[in-house]
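K.L.:
Here is a sequence with its predicted model. Questions after.
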Amino acid sequence: MVHVGDGIDSFSFTLNYKDGDGDIGYKPTDTYKPYDTGSYFYSCLFIQYLELQNGHYVYVKDPLYNIDTIQYSFRLPALNNLNRPQPISGNINFGIYLNHKTIYKTFKFRILLFDKALHESNIIETPPMQRGN
């Protein structure tokens, strides 16, 4: 489900996954490097916002937090409940709110996932979306 308009926009995503050794997500005890709070890998699911500007999709600076890219990150719980590697598959459902005013009407999201061994998933891009007038 997507709501795009003026002001705050909401987006719901369903990410279909398959993992051969089942090491997606973290246990509550996974708090040491490289999964500590100061690490990029504290989170394992990332959603990046891109706008179509002058014919090219670009990352957009987040003026609220003064960071280079509007990005959302999630720390997923371990999806394999067994204490041994095994193939897993399923869906991850999540949502975000975007509060970004812009003159550009076309945008998309880029989604990537890291497993516990820090292997990067395929990068998924949403189809282009249009803001209303």
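P.N.:
Now that the structure is in, tell me what you want to look at.
K.L.:
Quick one: the strands in this protein, in order.
P.N.:
Ranges of strands within the chain are 2-3, 8-19, 45-53, 56-59, 71-74, 88-99, 106-113, 124-125, 129-130, based on DSSP state E.
K.L.:
so which of these comes closest to N80?
P.N.:
Nearest of those to N80, taken as CB to CB: strand 88-99 at 5.3 Å. Backbone N, C-alpha and C define where each C-beta goes, glycine included.
K.L.:
nearest to K33, of the strands of the chain?
P.N.:
K33 lies closest, by CB to CB, to one member of these: strand 71-74, at 17.2 Å.
K.L.:
residue ranges with poor pLDDT in this protein?
P.N.:
Scanning the chain for pLDDT under 70 picks out the ranges 1-8, 62-68, 133.
K.L.:
Go again with 90.
P.N.:
Residue ranges of the chain with pLDDT under 90: 1-10, 60-71, 81-84, 97-104, 130-133.
K.L.:
re earlier: can you lay out the strands of the chain as a markdown table showing mean neighbour count and distance to T37?
P.N.:
Shown next, in a markdown table, are the strands of the chain (neighbours: other CB atoms under 10 Å; distance: least, CB to CB, whole Å):
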| stretch | mean neighbour count | distance to T37 |
| --- | --- | --- |
| strand 2-3 | 10 | 31 |
| strand 8-19 | 14 | 24 |
| strand 45-53 | 18 | 16 |
| strand 56-59 | 12 | 24 |
| strand 71-74 | 16 | 12 |
| strand 88-99 | 13 | 20 |
| strand 106-113 | 18 | 19 |
| strand 124-125 | 14 | 26 |
| strand 129-130 | 12 | 32 |
